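A.B. asks: Quick one, what's the 3D model for this:
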Amino acid sequence: MESSPLRQSHNVSKMKIRLALLAAGSALCFVFLCAGAADQPAPPLLPAEVPINPDAGRGGLLIVTLTLESGEQLPFVVDTGTSGTMIDISLASKLGKPIGTARYQSWGVIKTNNYYTAPKLFLGGAPLLMTGPAISTYDFKMEFADVNSTVMGLLGMDVLEHYCIQLDFTAANMRFLPAEPGDKKDWGQAFPIVALNANDPRPAVAENLLGLHGPHSLIDIGCNFDGWLMTNNFQRWTNHSVPPAAGEAREPYANFAGARYPQVFVQPKNVESDGIGLHFFARHLVTLDFPHHTLYLARKTVGPLPSPGSKATALPALDALIDDLLLQATNAMQKDLAALEHSRATEREKTIARKLTAALVNEPKPVPAAVPPAQTHLSLGDARPETAEVGWLEPAANYIPLNAEVASPLLDSGKIYTTGLYAHAPSRYIFNLGGGWNRLRGEAGLHTAFQGRAFGVIFVIQADSRELFRSPAVRDADHVRYDVNVKGVKTLELIVEKAGIQNGGNWALWLEPELSRDPLPNSGGR
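C.D. replies: Numbers count the residues shown, from 1 in each chain. Have a look, this model is predicted:
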């Protein structure tokens, strides 16, 4: 039996294991072959549609609840990268006497555990078919202590290979489809499933996240990030000094089967194949038709799925434009903007769309000191700073920079703001006012996605090295307003400090900071 439990990465446990099962001194190797799955008899009873955990593919592993014959219910991780189903070692006493030992390899580390006669496992009211008579034990409570201490096993390919399974991450459910399903028009693009290599029958596709066709990638639903690339491919993916070949990607983008994906988190692995993980698959409706050796992907989102319970605000009128911004598709964004200008979108939505488009095409911005006196108002999001420094990612005006933690570029702090500055602590923006402005007004707060988990920030405004404003510590959904006199000020500094020792989650935003001054005589004002 081939198998792969869990690898440790970014506080997520996931090991890749190969099992060789030995009994009474002789080798009993229960090896399944994906290519042989079609020869297996159709299951007499398909499991009913079952719920999956809402955070699956949004930071969490994909977990379903299995039932033992005794009625005991156990949470299992669904893992197509694991050849054999495994159960927590705490249940060994319920499995009878060991019938052998299992040697397994986890990224080159070889360990040994007992294996037992497999118990009957039920899912969605139906007994699950399993290739081979044995199941191995493993200490999942230790392995998943930092993720989910309730995980009691892995549901591997020795079970999954018998079924056509559809994973709907939007609806948070897992469907078992008939062996000869009908209409497939909503299933998306089809990819042949092949064995990973001649010695490893786990399921793979002849694509990878770098954009190359040919090197097989393991289909690894149990991998709790977007995937990995072999060392050489990873070096190509991160090498921005060399222009990508046709179809190739450069971080933080992936290319898969000719389609571009933003905000992708890929790890380097010194292994013999590339791999595609849960977070990438979760952007799709996924159909794994193992009996017919076919993977179907119907793309549902361009970027990562938002975290469950996310309070992020949406502007549906901007969805198409935001998708194209994430893909850095400048021409498409300009077409989206033109369509919005002639639509029934609100003026606020149109303004945000203009700001986002201008940010992507990097339109030149004026230095406040050089703005003609007839102009009486200027958003600092539309002005060029002399200095811009932030504590995480990169400085950004009128949008949130591309990243794997926040799926939307909108300035979201309880509501969507039209202009502003991304300013993760510690940060500093310095503007040359040239003594030509009178007031600075606006708000400041934390990004909605981090309200409730940020350690807190302090907003500071300095004028010619003199402090004009210092906020109390801002946490959760707190907002502060500022209205300061900058008459005669030459150098304006917007500073964000961390409120304590720790800096986690301190995604600070200067929101609609606007300079103003009196109109010239007989100018007619703004």
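A.B. asks: Show me the helices in the chain, by range?
C.D. replies: Here the chain has its helices, by DSSP state H, at 140-143, 157-160, 231-238, 278-281, 319-326, 330-341, 347-360.
A.B. asks: which other helices and strands contact the second one?
C.D. replies: It stands for helix 157-160. Helix 157-160 is packed against no helix or strand, with contacts defined by 3 or more Cβ pairs under 8 Å, 6 or more residues apart in numbering; DSSP states H and E. Where you see a C-beta, it was placed from the backbone N, CA and C, and this is true even at glycine.
A.B. asks: Would you tell me which one of the helices of the chain is buried the most?
C.D. replies: helix 278-281 (a mean of 26; mean count of other Cβ atoms under 10 Å).
A.B. asks: where's the residue nearest the centre of the chain relative to residue 261, distance?
C.D. replies: In the chain, the residue lying closest to the centroid (Cα atoms, centre = their mean) is residue 304, at 4.1 Å. Look at residue 304 and residue 261: by Cβ to Cβ, to the nearest Å, they are 9 Å apart.
A.B. asks: ditto for residue 275
C.D. replies: Counting by Cβ to Cβ, the gap from residue 275 to residue 261 is 15 Å.
A.B. asks: again with residue 426
C.D. replies: 32 Å.
A.B. asks: Residue 66 too?
C.D. replies: 32 Å.
A.B. asks: what do you get for residue 291?
C.D. replies: 28 Å.
A.B. asks: Same question for residue 160.
C.D. replies: Distance from residue 160 to residue 261, by Cβ to Cβ: 25 Å.
A.B. asks: re earlier: the more surrounded of residue 291 and residue 261?
C.D. replies: residue 261 (22 against 19; other Cβ atoms under 10 Å).
A.B. asks: Touching, that one and residue 255? I think so.
C.D. replies: Yes: in this structure, residue 261 is within contact of residue 255 by Cβ atoms under 8 Å, at 7.5 Å.
A.B. asks: hey, what's in contact with both of those two?
C.D. replies: Common neighbours of residue 261 and residue 255, counting by Cβ atoms under 8 Å, 6 or more residues apart in numbering, are residue 209.
A.B. asks: before we move on, the earlier item: what's the residue nearest to the centre of the chain in contact with, if anything?
C.D. replies: Counted by Cβ under 8 Å, 6+ apart, residue 304 has contacts 58, 263, 279, 282, 283, 404, 407.
A.B. asks: Any figure for the gap between it and residue 234?
C.D. replies: Distance of residue 304 to residue 234, given as Cβ to Cβ: 20 Å.
A.B. asks: just to revisit the earlier point, give me the common contacts of residue 304 and residue 261.
C.D. replies: Common neighbours of residue 304 and residue 261 (Cβ under 8 Å, 6+ apart) are residue 283.
A.B. asks: Need the nearest residue in space to residue 62, chain neighbours excluded.
C.D. replies: Leaving aside its sequence neighbours, residue 62 sits nearest to residue 56 (Cβ to Cβ, 6 or more residues apart in numbering; 4.2 Å).
A.B. asks: so that neighbour makes contact with residue 279?
C.D. replies: No: Residue 56 is not in contact with residue 279 according to Cβ under 8 Å; the separation is 9.8 Å.
A.B. asks: Next, the distance between the ends of stretch 409-420.
C.D. replies: 12 Å (Cα to Cα, to the nearest Å).
A.B. asks: What lies in contact with that stretch?
C.D. replies: Residues outside stretch 409-420 that contact it (Cβ under 8 Å, 6+ apart): 312-313, 315, 318, 322, 325-326, 348, 351-352, 355-356, 379-382, 397-402, 422, 442-443, 445-449, 451, 477, 479, 509-514.
A.B. asks: I would like a PyMOL command selecting only the buried ones among those, please.
C.D. replies: What follows is the PyMOL syntax for the buried subset of those, where burial is set by 16 or more other Cβ atoms under 10 Å:
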select buried, resi 315+318+322+325+326+352+355+356+379+380+381+382+397+398+399+400+402+422+442+443+445+446+447+448+449+451+509+510+511+512+513+514
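A.B. asks: Among the contacts of stretch 409-420, which ones are in strands?
C.D. replies: By the criterion of DSSP state E, membership of those in strands covers 379, 397, 422, 442-443, 445-446, 479, 509-514.
A.B. asks: Now do the domain split for this structure, please.
C.D. replies: The record's domain parsing of the chain by automatic domain parsing lists 19-37+47-163, 189-299, 310-363, 368-516.
A.B. asks: any idea which helix or strand of this protein has the worst average confidence?
C.D. replies: Using mean pLDDT, DSSP states H and E, the weakest-scoring helix or strand in the chain turns out to be strand 26-27, at a mean of 24.
A.B. asks: Verify the contact between residue 197 and residue 273 for me.
C.D. replies: Yes: in this structure residue 197 lies within contact range of residue 273 using Cβ under 8 Å: 7.0 Å.
A.B. asks: what do the two both touch?
C.D. replies: 204, 216.
A.B. asks: Just want to know which of the two has more residues nearby.
C.D. replies: residue 273 (19 against 13).
A.B. asks: For that one, give its distance to residue 287.
C.D. replies: In this view, residue 273 and residue 287 are 22 Å apart by Cβ to Cβ.
A.B. asks: Show residues contacting stretch 259-271.
C.D. replies: 9, 16, 107, 209, 225-231, 234-235, 237, 249, 251-255, 275, 279-280, 283, 299, 302-304, 326-328, 402-404, 407.
A.B. asks: That stretch spans what distance, first to last residue?
C.D. replies: Distance across stretch 259-271, first residue to last, is 25 Å (Cα to Cα).
A.B. asks: Buried ones in it, by neighbour count?
C.D. replies: Those buried within stretch 259-271 under the rule 16+ other Cβ under 10 Å are 260, 261, 262, 263, 264, 265, 266, 267, 269.
A.B. asks: Specify which member of those residues is nearest to residue 120.
C.D. replies: residue 269 (35.7 Å; Cβ to Cβ).
A.B. asks: and stretch 391-405, how far out from the chain's middle?
C.D. replies: Remark: stretch 391-405 is offset 15 Å from the chain centroid, using Cα atoms, centre = their mean, to the nearest Å.
A.B. asks: try stretch 76-83
C.D. replies: Relative to the centre of its chain, stretch 76-83 is centred 20 Å away, using Cα atoms, centre = their mean.
A.B. asks: Using CSV, list the CA coordinates for it.
C.D. replies: Presented in CSV, the C-alpha positions along stretch 76-83 are these (Å, rounded to 0.1, in the frame of the first residue of the first chain):
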residue,chain,number,x,y,z
PHE,A,76,-10.8,12.4,8.8
VAL,A,77,-8.7,14.5,6.4
VAL,A,78,-9.4,13.7,2.7
ASP,A,79,-6.0,13.3,1.1
THR,A,80,-5.4,12.2,-2.5
GLY,A,81,-1.7,12.4,-1.9
THR,A,82,-1.9,9.6,0.6
SER,A,83,-2.0,6.1,-0.9
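A.B. asks: for it, what is the average pLDDT?
C.D. replies: In this model, stretch 76-83 has an average pLDDT of 93.
A.B. asks: can you check stretch 516-526 too?
C.D. replies: Confidence over stretch 516-526, taken as the mean pLDDT, stands at 72.
A.B. asks: before we move on, back to that, I'd like the distance between the residue nearest to the centre of the chain and residue 396.
C.D. replies: 18 Å.
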